[in-house]
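Undergrad: sequence and predicted model, in that order:
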Amino acid sequence: MRRGARILLAVVVAQAALTAGVLPAQPSAAAGDDAGVRPFRIAVDEAVLVDLHERLARTRWPQQIEGTAWEYGVDVAYLRELVDYWRTQYDWRAQERLLNEIPQFTTNIDGIELHFLHARSPHKDATPLVMVHGWPGSVYEFYKILPMLTHPEQHGGEPEDAFHVVCP
């Protein structure tokens, strides 16, 4: 299983779960209260993961069209391998801990619930930086670079190179 595919799967599932309300967030701000910023942590109920594993185990697989791979959609052999990895090897709790290391928040802006990361530098004069991901994508794309931006001295840079980073 390619590492990129595993990461993409984790992010897609997390975003889908957040969108579907499976990942609990703090209660939304009151109607019209656009100023409330609330801490957010990923905390998927164990029953949700058990249900996911059970549904994946019951997948009814189509037959691959003879002589094709990706021409008519996802290659069935590849998808079976990906689902098997998700069912038997993927450690959701480890990913949850990893993602929760980054300070996350939600707020309501004009009636839209917005999730964002806010990685502050310990350097008080750090430059504010907003990093926006493209489509398709997620804030997870910035996971590895955040420490370099917030703590540049630990990565060969100088403290004056530091940023306070917000990733919506």
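TA: Happy to help now that I have it.
Undergrad: burial of the residue nearest to residue 37 when sequence neighbours are not counted, as a residue count?
TA: In this structure, residue 37 finds its nearest non-sequential neighbour in residue 107, 4.7 Å apart by Cβ to Cβ, 6 or more residues apart in numbering. In this view, the C-beta of every residue, glycine as well, is placed from N, C-alpha and C. When neighbours are defined as other Cβ atoms under 10 Å, residue 107 has 19 of them.
Undergrad: what's the answer for residue 150, then?
TA: Neighbourhood size, residue 150 [other Cβ under 10 Å]: 20.
Undergrad: and if you look at residue 120?
TA: Residues within reach of residue 120, counting by other Cβ under 10 Å, total 15.
Undergrad: what sits closest to it if chain neighbours are left out?
TA: Distances taken as Cβ to Cβ, 6+ apart place residue 164 nearest to residue 120, at 5.0 Å, with adjacent residues excluded.
Undergrad: would you agree that neighbour falls within a helix?
TA: No - per DSSP: H, G, I helix; E, B strand; the rest coil, residue 164 lies outside any helix segment and is strand.
Undergrad: any idea what it is bridged to?
TA: Counting by DSSP bridges, residue 164 forms beta bridges with residue 128.
Undergrad: from residue 37, how far off is it?
TA: 14 Å (Cβ to Cβ, to the nearest Å).
Undergrad: neighbour count: the two, which is higher?
TA: Looking at residue 164 and residue 37 with other Cβ under 10 Å, you find the greater number of neighbours at residue 164, namely 18 against 15.
Undergrad: can you name the residues that contact that one?
TA: 118-121, 126-129, 150 (Cβ atoms under 8 Å, 6 or more residues apart in numbering).
Undergrad: among these, which two are most distant?
TA: Checked with Cβ to Cβ, those reach their widest spread between 118 and 127, with 14.3 Å between them.
Undergrad: beta partners for residue 114?
TA: residue 107.
Undergrad: I'd say it and residue 166 touch.
TA: No - using Cβ atoms under 8 Å, residue 114 and residue 166 do not qualify as a contacting pair, with a distance of 10.8 Å.
Undergrad: the more surrounded of the two?
TA: Using other Cβ under 10 Å, the more surrounded residue of residue 114 and residue 166 is residue 166, with 17 against 13.
Undergrad: show me what contacts the more buried one?
TA: Contact criterion Cβ under 8 Å, 6+ apart gives 116-118, 128-131 as the residues in contact with residue 166.
Undergrad: quick one: low-confidence parts of this protein?
TA: 1-35 (pLDDT under 70).
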